[in-house]
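Trainee: give the three-dimensional model of this entry:
(chains A, B, C and D)
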2 protein chains.
Amino acid sequence: MMQGAVCHGVPAALLPTGVGRGPYAYQTFRDLIDAYRFDRPAGFTVKLEGEATATVYYLVSGWLVLSKSTANGHRQIVDVVLPGGILDPVSADACTSIVEIEPLTDVSFAAVPREDWHRMLSENPSITREIDIINRAAIARMFERMLRLGKGSAESIIAFAIYELHLRSTVLGMTDGYRLRIPMTQQQLGDFCGLSAVHVCRTLRRLKRHGVLEVTDHMDIRIRDIDALTEIAGIDPDALRQEIIPAA
Amino acid sequence: MMQGAVCHGVPAALLPTGVGRGPYAYQTFRDLIDAYRFDRPAGFTVKLEGEATATVYYLVSGWLVLSKSTANGHRQIVDVVLPGGILDPVSADACTSIVEIEPLTDVSFAAVPREDWHRMLSENPSITREIDIINRAAIARMFERMLRLGKGSAESIIAFAIYELHLRSTVLGMTDGYRLRIPMTQQQLGDFCGLSAVHVCRTLRRLKRHGVLEVTDHMDIRIRDIDALTEIAGIDPDALRQEIIPAA
DNA sequence: CGCATGAATTGATGCACGTCAGCGTCAGAC
DNA sequence: GTCTGACGCTGACGTGCATCAATTCATGCG
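Mentor: Numbers count the residues shown, from 1 in each chain, chains lettered A, B, ... in the order given. Take a look at the predicted model:
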C-alpha cells in the first residue's frame, strides 16, 4: 500500500478535470502519472516545511492542504488542492520545500521526479499549456483569498472559502447540487481563513441562523441562499469562475 | 515618450538580477525585452483589473504593485514587483487580467506579446528555467505574506514587509546598507499589509520608539536593529533568503 | 507670500476579533 | 460498560485594530 503503482490505467471516472479537459486528456501525461502513482491515508504528512524535495506532485483524488507555520505555533493554510491540482512545493533555491503538505482525506497522487516532469513538458507543448492554466488558476484564487484575508470580515472570508470550494468541487463533479462535504475541522477552516476555531464556529452559526447555510454533522454544508453567500463574500460569480476555473 | 523602444541596448547597470544571473544574462532575452520596451511615469495605471490582456510584462526598472479591490472600495496589494520581476497578469481563462497594475515610481518595462514570449521560452529551455525560478520566488514570498496576513499582528506583518523589501532591494543593489527608500505612502503600505493607514503610522512609530527603525520623511527607512526586526516579523533570515531570492 | 493639497500624526471611541474556560457529544479502545 | 480524546459549541472578558475627526507638516503653485 505504501509504494508502487497501485492502479494500472486510471479509470475514466477519476479524470480530474472532466473528460477531454486538462492535461489528463493526454495519454503521455496519464502514463507518467500512472508510473509514479501512490496512495496515502488521511493524516499522513507527505512532506514537511523545510524538507528537501525534487518531486512534482499531481493529485489524482482526495483533498490536500498546503500550509506554513510560524515559530509561535500559528498556522496558515495557503491553499487547498483538489483532484487535478499540481504541486511543485519548491522555493527559489530549487531544492527546499516551503510548505507542509497534509492530506485531509485518503489521497491518491503521483510523485513525479522533477527531471521526468520537465522532460515531459519540454516534449509536449500542449500539456505545458494546460498545466500553465492550472497554475494560473491557483495563483488567481490565492490573490482572491489574500484580498479577503487582509481586508474583509470573518463572514466574508468564510463565505468566500465555502463558495470557492463549492465551485471547484462542482466543476470536478464532486458535489450534490448545493451540498458540499468539506473534510476539514473548524480549526482547519480557521487556519485557512486566518480565524480562530471559535470564531469560525460562531460565524458559521450566524450564517446558519440567517438562512444562508445549513451546517450539519462535521462540516457537511448545504448552501441555502447562494445569492446571500456571494453577496457576503463580495463575489461576482461569473468573474470568479473565469478567474479560478481552468478553462482550456 | 509614450511608445516605442526608448533604449537601444540595456546598460549593464540595469541588469535586474545582477551580472550573469537571471534571464538577463541571455542575449536572446535582452533582445526581446529591448524590442518591446516602454517607459511610464509614476501614477500611470498600466492595466486595470478585468481588462483583456495578451501581454507578458518584464520590469526593467522602478517599482510596481499588483492589487485587487473589493466592491466596497477596499484594496489589497498582492505583490510588489521590483526590477527583474515578471508579470503575467492573466487568470485561468487566459484573457482577462485579474489584477490592477500600478507603478509606484517611474518605470521601464517590456510588454511582450504572449505569443513572442512563449516562442522564446520554447526555444530556450535555460531561460525557461530561470524564469521558472523567478516565478517560484514570487509564489514563495506570497505564501510568507499570507501567513502573516492571516495570523500575525500589525507589527509582525509590517516588520516582515520592510524586511522583505529591504532584502530584495539589497540583492538588486538598490539599497545603501540598512537604508531603504520605500516609494509607498502609509496608505499603500497599509493596503499591502491589510491594515489601515492610521495603524501603519502608529505601528511604525512604535518600532521607531523602540529603536528598531528610523523613519524619516515619507518612508525613508533605516533599519537600526535588524535582529529585533526579524524577531518581530518571525523570520529566519537564512531560510527566507533561500525561499524568496532567485538563486540560479 | 498665502493658499491649496496630500500625507503623516495624534486622540477618542467602538467593535470584531482572540483567548480562556467550561460543557456536551460522539467514536473508538478496552 | 467506562474512559479518553477530538471536536463542536457557548459565554465572559480583554484587546488590537478600524474608524472618525482634528491638527500638523511638507510641497507646489498662483
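Trainee: do you know how far the residue nearest to A:H218 when sequence neighbours are not counted is from DNA strand D?
Mentor: Nearest residue to A:H218, sequence neighbours excluded (C-beta to C-beta, 6 or more residues apart in numbering or on different chains): A:T185, at 7.9 Å. For every residue, glycine as well, the C-beta is placed using N, CA and C. Using C-beta to the nearest atom of the strand, to the nearest Å, A:T185 is found at 4 Å from DNA strand D.
Trainee: then the helix or strand hosting A:D39 to PDB, C-alphas only?
Mentor: Secondary structure from DSSP states H and E places A:D39 in strand A:37-40. Coordinates of each C-alpha in strand A:37-40 appear next as PDB, following Å, rounded to 0.1, in the frame of the first residue of the first chain:
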ATOM      1  CA  ARG A  37       1.200   6.800  -8.500                       C
ATOM      2  CA  PHE A  38       0.900   6.500  -4.800                       C
ATOM      3  CA  ASP A  39      -1.900   6.200  -2.200                       C
ATOM      4  CA  ARG A  40      -1.800   7.700   1.200                       C
END
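Trainee: other SSEs contacting that strand?
Mentor: strand A:107-113 (3 or more C-beta pairs under 8 Å, 6 or more residues apart in numbering or on different chains; DSSP states H and E).
Trainee: packing partners for the host helix or strand of A:H118?
Mentor: Using DSSP H and E, the element containing A:H118 is helix A:114-123. Applying 3+ C-beta pairs under 8 Å, 6+ apart, one finds that helix A:114-123 contacts helix A:27-35, strand A:55-61, helix A:125-150.
Trainee: out of these, nearest to DNA strand C?
Mentor: Of all the helices and strands packed on helix A:114-123, helix A:125-150 sits nearest to DNA strand C, with 10.3 Å by C-beta to the nearest atom of the strand.
Trainee: past that closest one, which element shows up next along the chain?
Mentor: Proceeding N to C from helix A:125-150, the next assigned helix or strand is helix A:154-171, under DSSP H and E.
Trainee: quick one: contacts of that following helix?
Mentor: A:17-18, A:80, A:82, A:141, A:144-145, A:148-149, A:152, A:175, A:178, A:180, A:182, A:189, A:192-195, A:199-200, A:203-204, A:206-207, A:212-213, A:221, A:223, A:226, A:229-230, A:232-235, A:240-241, A:244-245 (C-beta atoms under 8 Å, 6 or more residues apart in numbering or on different chains).
Trainee: apply 6 Å and report the result again.
Mentor: A:82, A:148, A:175, A:180, A:192-193, A:195, A:199, A:203, A:229, A:232-235, A:245 (C-beta atoms under 6 Å, 6 or more residues apart in numbering or on different chains).
Trainee: quick check: which of those are also close to DNA strand C?
Mentor: Filtering the contacts of helix A:154-171 for proximity to DNA strand C by C-beta under 7 Å from any atom of the strand leaves A:L195, A:H199, A:T203.
Trainee: what about the closest residue to A:V107 other than its chain neighbours, distance to A:P183?
Mentor: What sits nearest to A:V107 in space, not counting adjacent residues and going by C-beta to C-beta, 6+ apart, is A:G62, at 3.2 Å. For A:G62, the distance to A:P183 (C-beta to C-beta, to the nearest Å) stands at 9 Å.
Trainee: for the residue nearest the centre of chain A, what are its contacts?
Mentor: With distances taken as C-alpha atoms, centre = their mean, the residue of chain A nearest its centroid is A:V81 (1.9 Å). A:V81 sits next to A:L59, A:L64, A:L87 when contact means C-beta under 6 Å, 6+ apart.
Trainee: the first one against A:D88, yeah?
Mentor: I take that to be A:L59. No. Look at A:L59 against A:D88 with C-beta atoms under 6 Å: they stay out of range, at 12.0 Å.
Trainee: and these two? Which one has more around it.
Mentor: A:L59 (21 against 18; other C-beta atoms under 10 Å in any protein chain shown).
Trainee: need the pLDDT of that one.
Mentor: At A:L59, the model reports a pLDDT of 94.
Trainee: so what pairs up with it in the strands?
Mentor: A:L59 has these beta-bridge partners by DSSP bridges: A:F109.
Trainee: now swap in the one 10 residues further on and tell me
Mentor: Applying DSSP bridges to A:S69 gives these bridge partners: A:R75.
Trainee: ok, the one 10 residues further on next?
Mentor: On the basis of DSSP bridges, A:D79 takes part in beta bridges with A:L66.
Trainee: low-confidence stretches in chain A?
Mentor: Along chain A, the model assigns pLDDT under 70 to residues A:1-21, A:46-52, A:91-97, A:248.
Trainee: domain assignment for it?
Mentor: A:12-123, A:135-244 (automatic domain parsing).
Trainee: how about these, which one is nearest B:I33?
Mentor: Closest to B:I33 of the domains of chain A, according to C-beta to C-beta: domain A:12-123, at 21.2 Å.
Trainee: ok, that closest one near DNA strand D or not?
Mentor: No. Legend: contact between domain A:12-123 and DNA strand D by C-beta under 7 Å from any atom of the strand is lacking; minimum distance shown is 9.0 Å.
Trainee: off-centre distance for that domain?
Mentor: Relative to the centre of its chain, domain A:12-123 is centred 10 Å away, using C-alpha atoms, centre = their mean, to the nearest Å.
Trainee: do stretch A:152-160 as well
Mentor: Put simply, stretch A:152-160 sits 18 Å off its chain's centre (C-alpha atoms, centre = their mean).
Trainee: buried stuff in it?
Mentor: Applying a neighbour-count criterion of 16 or more other C-beta atoms under 10 Å in any protein chain shown, one finds A:G152, A:A154, A:E155, A:S156, A:I157, A:I158, A:A159, A:F160 buried in stretch A:152-160.
Trainee: looking at those residues, which is nearest B:R75?
Mentor: B:R75 lies nearest to A:G152 out of the buried residues of stretch A:152-160, by C-beta to C-beta, at 11.3 Å.
Trainee: for that closest one, give me phi and psi.
Mentor: Note on A:G152: backbone dihedrals following degrees, to the nearest 10 are phi 100, psi 140.
Trainee: ok, A:L64 next?
Mentor: phi -130, psi 150.
Trainee: I'd guessed it sits against A:T105; true?
Mentor: No. Between A:L64 and A:T105 there is no contact under C-beta under 6 Å: 8.6 Å.
Trainee: those two: which is more packed in?
Mentor: Higher neighbour count among A:L64 and A:T105: A:L64, with 22 against 16, using other C-beta under 10 Å.
Trainee: name the residues of chain A found near chain B, please.
Mentor: A:68, A:70-71, A:74, A:76, A:78, A:91-93, A:98, A:133, A:136-137, A:140, A:143, A:146-147, A:149-151, A:194, A:234, A:242-247 (C-beta under 6 Å from any C-beta of the partner chain).
Trainee: which ChimeraX command selects the buried ones in the residues you listed?
Mentor: Selection of buried members from those for ChimeraX, criterion 16+ other C-beta under 10 Å:
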select /A:68,70,74,76,78,91,92,93,98,133,136,137,140,143,146,147,149,150,151,194,234,242,243,244,245,246
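Trainee: neighbours of the residue nearest to A:H218, how many?
Mentor: Count around A:T185 with other C-beta under 10 Å applied: 14.
Trainee: A:G43 too?
Mentor: For A:G43, the count of nearby residues is 10 (other C-beta under 10 Å).
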